[in-house]
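Peer 1: sequence plus the predicted model coming up.
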Amino acid sequence: MNWEPVIGCEIHVHLKTRTKMFCRCPVGFGAPPNSQTCQVCLAHPGVLPVPNEKAIEWTIKLGAALGCEIAEHAVFHRKNYFYPDNPKGYQISQYDEPLCIRGSFSVPGPDGATEIGIVRAHLEEDAAKNVHMGGGEGRIHGADRTLVDFNRAGTPLVEIVTQPDLRSAEQTKRFLQLLRQTVRELGISDAEMQEGSMRFDVNVSVRPEGSDELRTRTELKNINSFNFASQGIEREIQRQIAIYESGGQVEQETLHFVPGHEHAPPLRSKEEAQDYRYFPEPDLVPIEPPLEMVERARAELGELPSARIRRLEAELDFGLAEELVTSGRDGLYERTPGDRRAVANVLMNELAAAGVDPSAVDGAELGKLIEARDRIPRDAFTRALAASGDGGFQASDYLGETLIADEAELDPVIDQVLAANEEHAAAYRAGKEGLLGFLVGQVMKETRGRANPRVVNERLREKLTS
Amino acid sequence: MIDTLRLTAKGVNDLLETGEASSDEIFAAYRAAIDERDGELKCFLHVCDESPGEGIPIALKDVISTKGVPTTAGSKILEGFKPVYDATVTERCAARGLRTIGKTNMDEFAMGSSTENSAYGPTRNPWDPDRVPGGSSGGSAAAVAAGLAPWALGSDTGGSVKQPAALCGVVGLRPTYGTVSRYGIVAFASSLDQVGPIAKTVADCAFLYSVIAGRDANDTTTVDLPQPVEIPQDEDLRGLRVGVPKELNEAEGIEPGVSMAVNAAIELCRELGAEVGECELPRSVDYGLPCYYLIAPSEASSNLARYDGVRYGLRVSPDGIRELYEQTRDHGFGDEPKRRIMLGTYALSAGYYEAYYGQAQKVRTVIRQEFAAALERFDVLVSPTSPTVAFPLGAKTENPLAMYLSDVLAIPPNMAGLPGLSIPCGLSEGLPVGLQLIGAQFSENVLFRAGHALEQALGFDYVPQRLA
């Protein structure tokens, strides 16, 4: 039997507002523990929340990018549970009246685009961070004591929930990368996995191909890298298929990934049906976004990453187009004249390796450089690329060092190399043609990279076969 | 020697303005009164030795956050807790030069109607120390009645300003929900909590309301007052339409002496020129109290979750987080908060929410509509504030339902978010009877006008006879 995976995601994104969701403490990563706190985010007696307007505006912006309807009347709810990282004993979140509902997000793939349904996107506050000391594992079980850092408590957090519309680990990874890029381009979040400003949970089940049933799902929690998502999902799909094929039943459970312990197997736990006793937050009035704000959010959306992938796919191929867009390099790609594939390859390989910020690069100058790449020494090209993000960069500064293509100048060096490597030359003549590369390399070394490789190749071949 | 027993806040202000007494002398006089009488009455949980400002002293209910001054909400779980910030009402009082003289006793987390639920022992009624002052703002009401403060702030969720004001023979206002900031008020039931003034006269009450009312950026449920507060002067009620809701005046359990005093006050309304008529509020009175006891505990169960021993307050610290929570909360909360946390947790639970909390919110809408209809016909509705006069200490502590019924008349307008003023309207068996005046949203000025005219005509002596 063929099995079809059914996958849905819940994505949490920190908004990079200046201040927290319900108080005026700064939002930031890496400050000393508990230095960004006040009576409100520490839940002292009598405090009240004041919603961050920017966070509401940005959630609406995100909803627009996800093709969602923006609610005319949205409500904050209290989600009640006890945990040391939850200072009020409840989290202010949204429940049955979220800000954004019923969206659709297009995910281009090698075989065309798939529409992924968005159930909702809602705004809530993040919890504090528990640091478990002792016990060696960084886990609450077996820890000697737990310290709580409230800097993160109250950071605005958007939760996006998809329909179970994803059908493979690869597609899920593609969706998550595209979503991340979209969020970053909106300017509402850094969506940095390492800093925890983007995290996701994934629900996985499998079913016989062609069926439309939804079987018992397992949840993969706290995934903080796209590769772990894809590996974890794939592993879970195979595990579930193996269970069904041996006549068993998949049990509902949660697999927790522990940050910093990515190579350890995730912790499994039975899903405990917790009763959060949701009720409307009486300290806040409902949100009724002005129509004008919603219209502005929609009008200000540029061409979204998924649309750009589909457009670039026509002149490149899907893989390169996707890489360019999800790495945020397609803007430079479009600004850079020249052979499309050559430009795309330089951007994804050499320029990426050089760590140059693509937004700082002058496309016209970069185009000149790429166009001349075969005519200048390799190291000149490398140096030029590394400097391409600097202010006032001129490609012409690096194009003066042309390659030596003059046979009269190259022949003495080639002869010298052949003399010094008689054994290799003999072996080549005896049929080991692969040694040509070695000999070319020796010539390049002698000329410190300034020889034109095409001419060196030709001359070497001629001399060896004469 | 300043005699604080009879002195109103207006009287204090006159002394200050004429230079007959300095602010420090007045502060000292009230401190002396506290030293003299509070040993018996126990109105205060904390008395301030000094307090900045050049104005009139004020007593604050211990539910109101005061920076650096202990604020316990009458609970062991906050014993010794010193807030790092002032409540908005504290700030507004200070901005007008009012000097906090102390923090007054209360039922734990404002849950109760007698101040007997205070973890620090009950306050006694200045009219009869064997009786309760009412609650939960019993300390504030008793302090004003006994001349230990010229005025005070209380908080009213289900009658906690109006009822103790009635039982202590003073004036208390529960303002329209949303007119006074709740920022810095230890939360009990957020959709009902409202700070209110307690004073000897309606005019003092109106003035203090003008100090604390108005929109606050720290409480997004607040609004600006549609009209400025007017200090009442009229001594007649001409043109005022006074409604007498049948159910609020004929409810089971209203003492005959209470009815008699209230009926006399209603008759007086007529004499002062008001148009008096009957009306009905059948569902508000039948369902007000039951709905209140679903909504208030539900919100309380969530509001009190923060007292977990992790960040501040009491911590009973055995091994394990679950044990820390359980033992801290078991030791820290008294019976009444525990009872209400359990009620509220149950009412919000999956499978019960719609039948209890959800249904109560719908009924609340019905109550609001019923009051709105009555208040189209009338400017003011009148009834007893409390069905009884002050009851003996211990009389209802073993029977929570009997205690809850003490607020059966005060709660219905609260459920509708309406303002209510309680003024003393006479004595029954030597104890004060409170008259409740209910108005439409933001109609405080109408209530002050009516209350003031009645107060002048009634000539009630607010000084407890045993202290006079």
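Peer 2: Here it is on my side, so go on.

Peer 1: can we go C-alpha only for contacts and neighbour counts from here?
Peer 2: OK.

Peer 1: and the next helix or strand past the lowest-mean-pLDDT helix or strand in chain B?
Peer 2: One helix or strand of chain B scores below all others by mean pLDDT, DSSP states H and E: helix B:400-404, with a mean of 92. Counting by DSSP states H and E, the next helix or strand C-terminal to helix B:400-404 is helix B:411-415.

Peer 1: other SSEs contacting that following helix?
Peer 2: Judged by 3 or more C-alpha pairs under 8 Å, 6 or more residues apart in numbering or on different chains; DSSP states H and E, helix B:411-415 is in contact with helix B:282-303, helix B:359-377.

Peer 1: do that again at 7 Å, thanks
Peer 2: The criterion is 3 or more C-alpha pairs under 7 Å, 6 or more residues apart in numbering or on different chains; DSSP states H and E, and the helices and strands that helix B:411-415 contacts are helix B:282-303.

Peer 1: report whether the helix or strand following the helix it packs on contacts chain A.
Peer 2: The helix or strand immediately downstream of helix B:282-303 is helix B:321-332, counting by DSSP H and E. No - between helix B:321-332 and chain A, judged by C-alpha under 7 Å from any C-alpha of the partner chain, nothing touches; the nearest distance is 8.1 Å.

Peer 1: which elements pack onto whichever helix or strand comes after helix B:321-332?
Peer 2: Beyond helix B:321-332 on the C-terminal side, the first helix or strand identified by DSSP H and E is helix B:335-348. The helices and strands touching helix B:335-348, judged by 3+ C-alpha pairs under 7 Å, 6+ apart, are helix B:282-303.

Peer 1: name the residues that touch the helix it packs on?
Peer 2: Contact with helix B:282-303 is made by A:80, A:90, B:187-190, B:247-248, B:340-341, B:343-345, B:347-348, B:356-357, B:360, B:367, B:408, B:411-412, B:415, as judged by C-alpha atoms under 7 Å, 6 or more residues apart in numbering or on different chains.

Peer 1: got it, and stretch A:358-374?
Peer 2: A:329, A:332, A:335-338, A:343, A:381, A:388-389, A:394-395.

Peer 1: which of the residues you listed fall within helices?
Peer 2: Cross-referencing the contacts of stretch A:358-374 against helices under DSSP state H gives A:332, A:335, A:343, A:381.

Peer 1: the second one: how many residues sit nearby?
Peer 2: Looking back up the chat, that one is residue A:335. 15 (other C-alpha atoms under 10 Å in any protein chain shown).

Peer 1: near chain A, which residues of chain B?
Peer 2: B:183-187, B:190-191, B:218-221, B:302, B:305-306, B:310, B:348-350.

Peer 1: give me that answer again for 8 Å
Peer 2: Residues of chain B lying close to chain A by C-alpha under 8 Å from any C-alpha of the partner chain are B:64-65, B:83-85, B:87, B:182-187, B:190-191, B:217-221, B:302-303, B:305-306, B:310-311, B:345, B:348-350.

Peer 1: so what's residue 1 closest to, chain neighbours aside?
Peer 2: Picked chain A for this. If the residues on either side of it in the chain are set aside, residue A:1 comes closest to residue A:208, at 6.9 Å by C-alpha to C-alpha, 6 or more residues apart in numbering or on different chains.

Peer 1: you answered for a different chain; I wanted chain B.
Peer 2: That would be residue B:29: by C-alpha to C-alpha, 6+ apart, it lies 7.6 Å from residue B:1.

Peer 1: residue in the stretch 351-466 of chain A nearest to chain B?
Peer 2: residue A:359 (40.3 Å; C-alpha to the nearest C-alpha).

Peer 1: whichever of the residues of chain B next to chain A end up buried, select them in PyMOL.
Peer 2: Selection of the buried residues among the residues of chain B next to chain A in PyMOL, burial being defined by 16 or more other C-alpha atoms under 10 Å in any protein chain shown:
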select buried, chain B and resi 64+65+83+85+87+182+183+184+185+186+187+190+191+218+219+220+221+302+303+305+306+310+345+348+349
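
Peer 1: if I look at the nearest residue to residue A:160 once chain neighbours are set aside, how far off is chain B?
Peer 2: In space, and not counting its chain neighbours, residue A:160 is closest to residue A:121: 4.3 Å by C-alpha to C-alpha, 6+ apart. With distances taken as C-alpha to the nearest C-alpha, to the nearest Å, residue A:121 is found 23 Å from chain B.

Peer 1: thought residue A:121 was touching residue A:158?
Peer 2: Yes - counting by C-alpha atoms under 8 Å, residue A:121 touches residue A:158, with 6.6 Å between them.

Peer 1: the residue nearest to residue B:61 when sequence neighbours are not counted pairs with what?
Peer 2: Using C-alpha to C-alpha, 6+ apart and skipping the chain neighbours, the partner closest in space to residue B:61 is residue B:104 (4.5 Å). On the basis of DSSP bridges, residue B:104 is bridged to residue B:44, residue B:61.

Peer 1: contacting residues for the residue nearest to residue B:1?
Peer 2: Residues near residue B:29 by C-alpha atoms under 8 Å, 6 or more residues apart in numbering or on different chains: B:1-4.
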